[in-house]
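>>> build the 3D model from these lines:
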Amino acid sequence: MPQTIPRSPAGRRAVSASRIPCLHAGCHRWFKTASGLNHHKLSFHSYSFHKSGLPSHLQSTSPHEGIVHDYHEELTGQKCDSNGQPIHPSSLPPPIFKKPPDDWGSYGSQLGFETAEFIFQEAEMSASKIDKLLYLWGCSNGGRPPFSDHNELYETIDATKLGDIRWDTFKLRYNGERPTDNVPPWMDEEYEYWYHDPSTVVENMLSNMEFDGEIDYAPYWDFTAGDKKRRYENFMSGDWAWLQADEIARDPSTHGATFVPIILGSDKTTVSVATGQNDYWLVYLSIGNIHNNVRRAHRNGVKLLSFLAIPKAAKKYTDDPTILSSLKAGMTVPQVMKCPDGHFRRAIFGIGPYIADYLEQVLISGIVQNWCGRCIALPDNLDAGGPPRTAELTRALIEELQAGAAWDEWGIDVNVVPFTEDFPHADICQLLAPDILHQLVKGSFKDHLVEWVGKYLELEYGKVGAKERMMDIDRRIAAALPFPGLRRFPDGWGFSQWTGDDSKALMKGHVPQDIVRTLRAFLEFCYIIRQNVITDDTLKDLRNALERFHHYHEVFRDVGVQTEGFSLPRQHSLVHYEALICLFGAPNGLCTSITESKHITAVKKPWQRSSNGASQHFDDVEDEDEHAGIIDERPALAHSDVKLARCHARGRARSVPALAIELGIPVLSMLIAQFLYEQLSCESTPLPAGACHLPVFTGPLKVFHSATATFVSPSDLSRIGGMRRETIRAIPVWHQGPAWYDTIFVSTDDTFNRMLSMEIARMLCFFSFIYTNGRTYSCALIHWFDHIADEPDKLTGMWMVRPSFMGNGSKNLSIIHLDSIVRSAHLLPIFGHEQVPRAVNFHNSLDIYCGFYVNRFADYHAFELAS
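Reported below is the predicted structural model:
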C-alpha cells in the first residue's frame, strides 16, 4: 500500500454516531434515528388483535383455558437460594446487577464495539479486507481506528467476557483397521475436535432471561378439561420426561429439583468446494425445558456444541462421550443454576433425544444400515414390524452371539458402542428422535414418491410421453398463484424439485387417482405431525392418514413401479411417529431442519470471512443469531391483526368518483354506502333520517397497495411468541409489469368451524377514509368467490371455489372492514385433463380458469384453516 493517500476535502456534513435503543422487553435493536426506531416499533411491537379476525375454532381467551395440568410430584422445579436451600414459592428473585452503560469491556468504547460488530457480524469481512479498511481509516483526517489490524480485532473479540463460551480442542487420529497397501493419507493425519464445555452451555441456556415464560421447570401431562383427553405440545408434556423423572426420583435427594433433558443433534455439512478437506461433523445442544417454538426460532435455544473437521474419504465416525463428561456429575447430584425467571433451582441432567437423519442414526446407535433403530423388524420386511429394540436387549445379544450372527440376524454392529452407555438412564434406541425433514420430506416424499411417479409416467407413456407430461406439470407450476413462503418459479421448477405443497392438484389428470390419494394421505400425515399441539383426536387422524397411505400406495406395486415392496427405513419410520409423539411431544420441536438451518451461521459464514480456515474465531460464530427470532408480544389470544401499509399509494385516486373511474366500478359509491350502513348499525350510531336512505360519503380517501396480516401460527416458522406476518397486495402495476391482486380468507360466520366459517375473496383495492362521525375506516374492496360444493373434493381433500357473479353477469363485489380479513389464501387452478396453454401464467390464471382449489397445503396455518 502507498505510504500516504490524498486527504478528502473538508466541509462535509458530520456523521452522527449516536444510537437509540429499543426499550421493548426482550428486544436488543439499536437505531440511528428516531424515525427508524418508530418504524421498528410499528413493524414489530404494535399489534391490535381483533376477535373477529379469526374463526372461533382458533380462538381462546387464555393460553391455558380449558386445560388441566398434572405436574410431576417429586421433580417439581422448586425455587431455592444460591446455596440450594428451598425458599418460599412467592419469594422475589435476587436483584440483577447491571453493568454501567459506559462499560464496553475489552472494546474500550461504543465505537470499538460497533466497529467490531459491523466488521465481523454484519459485513463478514475477511482478514485482508479488515486490514485494508483499518488502514484507510488510519489515513483519514485525524483518523485513529479502534483496532490496528485483524489480529487485534480477533483478540478483542476473543477477550469478550459476555456472550458465547470459549472453545476447547483436542486432537484425533484414526486408530482402526488399516489396509496393508495404499494406506489413505487421512488415516495418518491428525484432526482437531473443537467443543464447548456442555455444562456451561446448559448453564447459559438455562439462565437466559429471554426464555422466561417459554420454559417448563417440571414434567407435566396436559388434559382437556371436559373430556380429559391428552394434549401433547412442548417436550416436557411427553411421557419420556415424566418416566425419566420417575427413575431419577428414586433418589430422595433429587426431590424438588428441575429435570433438564439434554437434547443433542448431529449432522454433516460442507463449507467449501474449493478445498480437499471440506466436510464437517457438527453436534448441537438444546434443553428440553424450553418450548418448541423457541427451539425452532433459535434465539440461542440451540447451540453448536462440537465441531470435527474430517476428510472426504473418512467413513468412521462415532460420538465421543468425553465432550459430555462435565454433565455426568449433574445426572446424579443436582446442580444449583439460575433460571430465566431470575430464581435459582437445583437442576438434574439427563441425556435426552438425539436429532439426526437415518444414516446418522445408524452410526450413533450401532445398528446395521437398512435395519430400524427403534424396533427389530427384519430389513426385507420392515412393514411387518417387530418388538422394541432396547439397549438391554442389545447388550445381551452382544454377549451371547458372534459378531456375524449379531450383524445378520439382529442388525447389530458389535464394534460400535453408543455414547449413551456411559450415562445413567440413557437408552439410544429410545432416544432416536423423529426427523420430519429427512424421513418424510426428503426421504419418503422426494426420494420415494416423486421418483415413483416419474417411473410410472415412463412405464405408462414412454420417455417421450413422460417428458411431455412433466413439461405440462411445469406449466401448471408456472401458472400457480404466488403465496408467502412459496418460491416463485415462472418457468416451472422441474419434476425432481416438487415439495408437496401443491403437487396433488398439479398431477391430477396425468396419474391414476390412487396415486393422488396416496399423496394426499401422505401430505395429511406430514401436516398433522407438524401441528404445534397434538391431541388424542389428532392421533386418530394421524392413524387414519397412515392407514390410507399404506392402502393406496399399493398402486405403485400394481403398476409395476415398486414390485419389490416397500421395506424402506425412512418410510417405515412413519409407524413409530404416534409413539414418538407420546414420548417427546409435538415433533416440530425435534427435527433436523432446526440443526441444518444453524449450519450457515455456525460454520459456513465464519469460514467465508476467515482467511485461515474454519478453526479460527469460533468463540463468536453463533453471534449471527443475535437478532434471530426476537421475542415480541406473546398474546394470550390467538387473533389476527391486519393493518394497511404505512404509506398510501401516490398518484392514485383521492375521491370516490375518481376511484370508481380508476377501478371501472360505477357502483363503488353504493358499495361504500352499504358498508357504512353495516358499520354504523353495528356501532349503534344513529343512522340518517329515513329508513330508505343509506349513509353518503363524499369526502377524500387514501388508496393503499398492500396490508400486513399478523397472526399466531406456532406450527409454522415464526417468532418465539408464535407470531407470523405476511403481506397482502392489491397493486395495479407490480414492478412495471402486470397487476398483483391476492386472494384472502374472510371470516363471515363464527358459528361454524374452519372453512365453513370463512369465504374466499380476491382483493381489488385497499383504502381508508374518515367519516363524519370522526372514525377512520380501513376497508378492502373484494370480489367474492363461491363454494363449488358444500364439502371438500373427495379426491384431493381440498375445497373448490369459483368467482361469484350477479344475475346480470357483473362481479359480486363488496367492501369489508380489514378486521374481517384472516390472511392470504392460495388458490390452484382446476386444470382438468387439458394441457396448459403456454400463454397462461401466474399473472392471468385467476382470470382464465373458472374453478380453483383452496390449497390447504400451502403452509401449516392454512392446513388448519382450510381443513
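>>> give me the contact list for stretch 418-428.
Defining contact as C-beta atoms under 8 Å, 6 or more residues apart in numbering, one finds that stretch 418-428 is touched by 244, 247-248, 318-321, 324, 327-328, 331-332, 350-351, 354, 364-366, 373, 390-392, 431. All C-beta atoms are positioned from the backbone trio N, CA, C, and that covers glycine.
>>> rounded mean pLDDT for it, please.
Along stretch 418-428, the predicted local confidence has a mean pLDDT of 92.
>>> stretch 589-596 too?
Across stretch 589-596, pLDDT averages out at 74.
>>> what does that stretch contact?
When contacts are defined by C-beta under 8 Å, 6+ apart, stretch 589-596 is touched by residues 234-235, 263, 265-267, 269, 282, 284, 291-293, 295-296, 298, 302, 353, 355-357, 433-438, 584.
>>> please pull out the lowest mean pLDDT helix or strand from the protein.
For the chain, the helix or strand with the lowest mean confidence is helix 605-609, at a mean of 52 (criterion: mean pLDDT, DSSP states H and E).
>>> just to revisit the earlier point, in helices only, show me the contacts of stretch 589-596.
Residues from these lying in helices, with DSSP state H as the criterion: N292, N293, R295, R296, F584.
>>> will you turn the residues you listed into TSV that also has neighbour count, distance to G851 and pLDDT?
Output for these, formatted as TSV (neighbours: other C-beta atoms under 10 Å; distance: C-beta to C-beta, whole Å; pLDDT from 0 to 100):
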residue	neighbour count	distance to G851	pLDDT
N292	28	38	87
N293	29	37	82
R295	26	41	83
R296	26	36	77
F584	28	42	95
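>>> for ChimeraX, what selects the buried ones among the contacts of stretch 418-428?
Buried residues among the contacts of stretch 418-428 (16 or more other C-beta atoms under 10 Å), as a ChimeraX selection:
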select :244,248,319,320,321,324,327,328,331,350,351,354,364,365,366,373,390,391,431
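>>> show me what T535 is bridged to.
In this structure, T535 has beta-bridge partners R231, where bridges are defined by DSSP bridges.
>>> shaky segments in the stretch 201-350 of the chain?
Across the stretch 201-350 of the chain, the ranges flagged by pLDDT under 70 are 270-278, 298-299, 309-321.
>>> walking through it, point out its helices one by one.
239-248, 292-296, 325-328 (DSSP state H, counting those that start in this stretch).
>>> next one: the last one to chain centre, how far?
Remark: helix 325-328 is offset 31 Å from the chain centroid, using C-alpha atoms, centre = their mean, to the nearest Å.
>>> cool, and stretch 297-308?
For stretch 297-308, the distance to the chain centre is 15 Å (C-alpha atoms, centre = their mean).
>>> what's the answer for stretch 838-856, then?
Stretch 838-856 sits 29 Å away from the centroid of its parent chain (C-alpha atoms, centre = their mean).
>>> again with stretch 204-217
20 Å.
>>> over to stretch 798-816?
Relative to its chain's centre, stretch 798-816 lies at 35 Å (C-alpha atoms, centre = their mean).
>>> just stretch 734-752 next, same as before
Between the mean C-alpha point of stretch 734-752 and the mean C-alpha point of its chain there is a distance of 24 Å (C-alpha atoms, centre = their mean).
>>> again with stretch 559-579
The gap between where stretch 559-579 is centred and where its chain is centred comes out at 26 Å by C-alpha atoms, centre = their mean.
>>> please consider this matter closed, and thank you.
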